[in-house]
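Chemist: Predicted model, plus sequence, below.
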Amino acid sequence: MIILKSERELEAMRPACQVARAVLDEVCDFIQPGRTTREIDQFAASRMKDYGARSAFLGYRKYPCYICISVNDEVVHGLANERRVDFGDIISLDVGVIYNGFIGDNARTVAVGGCSLEAQRLMDVTERALYEGIAQARPGNRVEDISRAVQTFVESNGCSVVREFVGHGVGRSMHEEPQVPNFVDGKSRQKLRPGMTLAIEPMVNAGSPAVKVLKDGWTVVTIDGQLSAHFEHTVLITEGEPEIMTCPARMPLKLRV
Ligand code: MF3
Ligand code: CO
């Protein structure tokens, strides 16, 4: 069952998305060569606390960290550890928070200091694929119209979409129906309706789409060792244009003192 949010519920969910966005921005600004992924995760935890929010990931199916930090060939769900990020690395940061009883979920890949042209191109293709998908997030369309837009854009730019992990409905729970794949699977025929809130999140590989999960049970890596990027927004279907709920809007967010 797909949960449609009322205007009242959206009024509670928008600030959750704004906190998720603010924490993601701040984490990106915190990144610099030499910082460990543990320090980055701890910084995210302290920013969430300052906003009076909690991690939506910590403890989810025993996930052990506050955010997901995936480096280079890591695709998603990378775990914080003593690794130091280095100049030229690309880091995928996924931030989900619980605030006001709702979840905001967003992700972005950034370079540490600088990166190769190849890496920048992968990040650009992934981010633009996200907006191609969002552009289809309107009533009258189906979930698979989002999937097709993402897949077509990615593949026409010589990259590949990950199949094993998908976007999702989001609200009071992190994973609601429907699933939002980044490829056409023939099963995502649900009609989009106003009040649906979707996490649209292309995971894009520079090489083969194939991935595997490391022995830590979480970290997803590309099998060919090539780079991967990840961009995500929480998006509301409206009567008209899609609303990007995790955009950098200016809202009166209270810091908890
Ligand atoms: N944005 C990801 C998702 O929606 C992050 C989940 S990480 C997990 O699935 F640890 F919570 F699973
Ligand atoms: Co998500």
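Modeler: Yes, it's here. Numbers count the residues shown, from 1 in each chain. Ligands and ions are numbered 1, 2, ... in the order given.

Chemist: Spell out which residues of the stretch 1-150 of the chain are next to ligand 2.
Modeler: Asp105 (CB under 5 Å from the ion). Quick note: C-beta positions are derived from backbone N, CA and C, even for glycine.

Chemist: how about the helices in the stretch 1-150 of the chain?
Modeler: Counting by DSSP state H, counting those that start in this stretch, the stretch 1-150 of the chain has helices at residues 7-30, 37-50, 117-135, 143-156.

Chemist: Nearest to Val97 among the ones you listed would be which one?
Modeler: helix 7-30 (4.7 Å; CB to CB).

Chemist: how about stretch 62-75: buried residues?
Modeler: 63, 65-75 (16 or more other CB atoms under 10 Å).

Chemist: which two from those residues end up farthest apart in space?
Modeler: Longest span within the buried residues of stretch 62-75, CB to CB: Tyr66 and Asp73, 22.4 Å.

Chemist: out of the buried residues of stretch 62-75, who's nearest ligand 1?
Modeler: Tyr63 (3.3 Å; CB to the nearest ligand atom).

Chemist: Isn't the closest one up against Val76?
Modeler: No - between Tyr63 and Val76 there is no contact under CB atoms under 8 Å: 11.5 Å.

Chemist: quick one: Gln151 and ligand 1, what's the gap?
Modeler: 19 Å (CB to the nearest ligand atom, to the nearest Å).

Chemist: show me the contacts for that residue.
Modeler: With contacts defined as CB atoms under 8 Å, 6 or more residues apart in numbering, the neighbours of Gln151 are 161, 182-184.

Chemist: What is the neighbour count of the closest residue to His168 other than its chain neighbours?
Modeler: Using CB to CB, 6 or more residues apart in numbering and skipping residues adjacent in sequence, the residue nearest His168 is His175, 4.8 Å away. Applying other CB atoms under 10 Å, we find 16 residues neighbouring His175.

Chemist: so which of the helices of the stretch 1-150 of the chain is the most packed in?
Modeler: Comparing these by mean neighbour count (mean count of other CB atoms under 10 Å), helix 143-156 ranks first with a mean of 22.

Chemist: Tabulate the contacts of Gln151 (JSON lines), appending distance to Trp218.
Modeler: JSON lines is the format used below for the contacts of Gln151 (distance: CB to CB, whole Å):
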{"residue": "Val161", "distance to Trp218": "20"}
{"residue": "Asn182", "distance to Trp218": "20"}
{"residue": "Phe183", "distance to Trp218": "23"}
{"residue": "Val184", "distance to Trp218": "28"}
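
Chemist: List the ones among those that fall in strands.
Modeler: Val161 (DSSP state E).

Chemist: Can you say which of the contacts of Gln151 are buried?
Modeler: Buried, going by 16+ other CB under 10 Å: 161, 182-183, out of the contacts of Gln151.

Chemist: List just the nearest of those to ligand 1.
Modeler: Of the buried ones among the contacts of Gln151, the one sitting nearest to ligand 1 (CB to the nearest ligand atom) turns out to be Asn182, at 12.6 Å.

Chemist: While we're on the closest one, how confident is the model there?
Modeler: Asn182 is assigned a pLDDT of 98 by the prediction.

Chemist: What of Val257?
Modeler: 60.

Chemist: do Pro248 as well
Modeler: At Pro248, the pLDDT recorded in the model is 82.

Chemist: residue ranges of the strands in the stretch 151-257 of the chain, please?
Modeler: 160-161, 167-169, 176-180, 197-200, 203-205, 211-213, 220-222, 228-230, 233-236, 243-244 (DSSP state E, counting those that start in this stretch).

Chemist: can you list those in a markdown table and add distance to Phe153?
Modeler: Output for the strands of the stretch 151-257 of the chain, formatted as a markdown table (distance: least, CB to CB, whole Å):
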| stretch | distance to Phe153 |
| --- | --- |
| strand 160-161 | 10 |
| strand 167-169 | 15 |
| strand 176-180 | 15 |
| strand 197-200 | 13 |
| strand 203-205 | 10 |
| strand 211-213 | 20 |
| strand 220-222 | 19 |
| strand 228-230 | 13 |
| strand 233-236 | 15 |
| strand 243-244 | 17 |
